[in-house]
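Undergrad: Next input, structure requested:
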Amino acid sequence: MTTSTSAPVSDLQRLQEQALTSLEDLLAHHWRQGPGARWARRDLSVAQMHLLMVLQEHGPATVGRLAEVLEISPPSVSSALDRLEEHGLAVRRRDLDDRRVVHAALSSRGRAAAEEACGFRRRKVRHLVEHFDNDELEALLTVIRAVQREVGGRSRPAPEGD
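TA: Coordinates of the predicted model:
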């Protein structure tokens, strides 16, 4: 596939950015929901990586809230959180107003690990969309928007063109 030379570069870049954002979200959702191997460099399970990514996306949250988002039991979240803490990637803090409530958050190392994972995903997707021409990117965006509608908007919608 080749890049069209008849369209202005700005149009191509706009389409690539729209496709990149949409594909990134689609792949992130798939990775969080699907089976996967251990994240070898950090020796984290898929559940622990899911938790890391949710904490990055949503910020500090209670175990109960994390269990809702991940659609797993609170004990499973606690177990995954224990492992993230062992790796120095997450911390637990008591709520100042209600000491019974504990919030989980990423540590600075956890934020760096999540950023690294997102950066890797973004580079992979960018490499893919850079090989599409305008027509292919328009078609891809049409398909992605249809998929997003079908899955109930779990990903952020693809930006609309002007």
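Undergrad: which regions of this structure lie under the pLDDT threshold?
TA: Low-confidence regions of the chain, defined by pLDDT under 70, span residues 1-9, 27-42, 120-121, 153-162.
Undergrad: residue ranges of the helices in it, please?
TA: Across the chain, reading from the start of the chain, the helices by DSSP state H fall at 9-33, 46-58, 63-70, 74-86, 108-129, 134-150.
Undergrad: I'd like to know how many residues surround Leu23.
TA: One way to gauge burial is a neighbour count; for Leu23, by other Cβ atoms under 10 Å, it gives 22. All C-beta atoms are positioned from the backbone trio N, CA, C, and that covers glycine.
Undergrad: contacting residues around it?
TA: Val125, Leu128, Val129, Leu140, Ile144 (Cβ atoms under 8 Å, 6 or more residues apart in numbering).
Undergrad: rewinding a little: out of the helices of the chain, which is closest to Asp97?
TA: If you check each of the helices of the chain against Asp97 by Cβ to Cβ, helix 63-70 wins as the nearest, at 16.2 Å.
Undergrad: mind exporting that closest one as PDB, just the C-alpha atoms?
TA: The C-alpha coordinates for helix 63-70 follow below in PDB (Å, rounded to 0.1, in the frame of the first residue of the first chain):
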ATOM      1  CA  VAL A  63     -10.500  -2.100  45.300                       C
ATOM      2  CA  GLY A  64     -14.300  -2.200  44.800                       C
ATOM      3  CA  ARG A  65     -14.200   0.300  42.000                       C
ATOM      4  CA  LEU A  66     -11.300  -1.500  40.300                       C
ATOM      5  CA  ALA A  67     -13.200  -4.800  40.600                       C
ATOM      6  CA  GLU A  68     -16.200  -3.200  38.800                       C
ATOM      7  CA  VAL A  69     -14.100  -1.800  36.000                       C
ATOM      8  CA  LEU A  70     -12.100  -5.000  35.500                       C
END
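Undergrad: what angle sits between that helix and helix 74-86?
TA: 100 degrees (axes from the mean of the first three to the mean of the last three Cα atoms, to 10 degrees).
Undergrad: other SSEs contacting helix 63-70?
TA: Other helices and strands packing on helix 63-70, by 3 or more Cβ pairs under 8 Å, 6 or more residues apart in numbering; DSSP states H and E, are helix 46-58, helix 74-86, strand 102-106.
Undergrad: coming back round to it: nearest to Arg92, of the helices of the chain?
TA: Ranking the helices of the chain by proximity to Arg92 (Cβ to Cβ) places helix 74-86 first, at 7.0 Å.
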